[in-house]
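Engineer: Could you look at this predicted model? Sequence included:
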Amino acid sequence: MAIRNIRLIGDKILTKRSKEITEMTPKLKMLIEDMLETMLQAEGVGLAAPQVGILKRLIVIDVSPEGDSPIVLINPEIIETDGEQTGEEGCLSVPGKSGLVTRPNYAKVKALNENMEEIIVEGTELLARALCHEIDHLNGVLYVDKVIGGLHSASDTEEE
Ligand code: ZN
C-alpha cells in the first residue's frame, strides 16, 4: 500500500467527470487500498478517486471516530434523499478551509462494492453529507461552489 498525493483546488482534474468502472482489476484493488490508507493518514472522512488523480467513479468513506469502518463504493448513484442539513464542510483538496453547505439530511446510494456486487448504503447527517460530497467529486464538483457566505479557516471541520 502507498500514500497517494492528494490533488488540490486549482488542479483541472478536480473539475472533470470520472468514468464508470466496468471490471475489478489488480490495479484497481491497489488503488482502493491506497485510497483507504491515504484517507486514514490524512484523517479525512472521505476520499474520491479524482482527488488522487484517477478519473474513475470510486469513493471511500469512513465517518467512524476511530477510522476503522471504511465503506468502498464503485459507480455510486444517489437514488433517494430527504430533508436538509446546513453545516460546516471541508475537503482534503482544499486544506485548512471550511464553509457552510446545505445538503440532504438523508441519502440513499446504490453502488457496487469491491467484489462488484450491488449494494445500498443509507446515511443521515455526516454520512449523508459525505456521500453527497464524494459523489460530487466524481462529477467534477467541489463544495466550494456550494458554500453559503464564503470560505473561512477551518478549526476542526471534518475534511472529505
Ligand atoms: Zn472533497
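Structural biologist: The structure has been received and is ready for your questions.
Engineer: and Glu125, how many neighbours?
Structural biologist: 14 (other C-beta atoms under 10 Å). No exception for glycine: its C-beta is placed from N, CA and C like everyone else's.
Engineer: With Ile54 instead?
Structural biologist: Neighbours of Ile54 using other C-beta under 10 Å come to 19.
Engineer: shouldn't it be in contact with Leu31?
Structural biologist: Yes. Taking contacts as C-beta atoms under 8 Å, Ile54 lies within contact range of Leu31: 6.2 Å.
Engineer: what sits against Ile119?
Structural biologist: Residues in contact with Ile119 (C-beta atoms under 8 Å, 6 or more residues apart in numbering) are Leu73, Lys110, Ala111, Leu112, Asn113.
Engineer: which one among these gets closest to the ion?
Structural biologist: Relative to the ion, the closest of the contacts of Ile119 is Leu73; by C-beta to the ion it sits at 14.4 Å.
Engineer: How about residues contacting the helix or strand hosting the closest one?
Structural biologist: Element membership for Leu73, per DSSP states H and E: strand 71-82. With contact meaning C-beta under 8 Å, 6+ apart, strand 71-82 is reached by 20-21, 32, 36, 57-62, 104-114, 116, 119-121, 128, 131-132, 134-135, 138.
Engineer: With stretch 93-100 instead?
Structural biologist: Contacts of stretch 93-100 (C-beta under 8 Å, 6+ apart): 6-9, 11, 14, 51, 86-91, 142-144, 147-155, 157, 159.
Engineer: what about the longest helix belonging to the chain and the ion, any contact?
Structural biologist: Taking DSSP state H as the criterion, the chain has its longest helix at helix 26-41. No. Helix 26-41 does not reach the ion (C-beta under 5 Å from the ion); its nearest approach is 10.6 Å.
Engineer: The next helix or strand after that helix - contacts with which helices or strands?
Structural biologist: If you walk from helix 26-41 toward the C-terminus, the next helix or strand you reach (DSSP H and E) is strand 46-48. Judged by 3 or more C-beta pairs under 8 Å, 6 or more residues apart in numbering; DSSP states H and E, strand 46-48 is in contact with helix 26-41, strand 58-61, helix 125-138.
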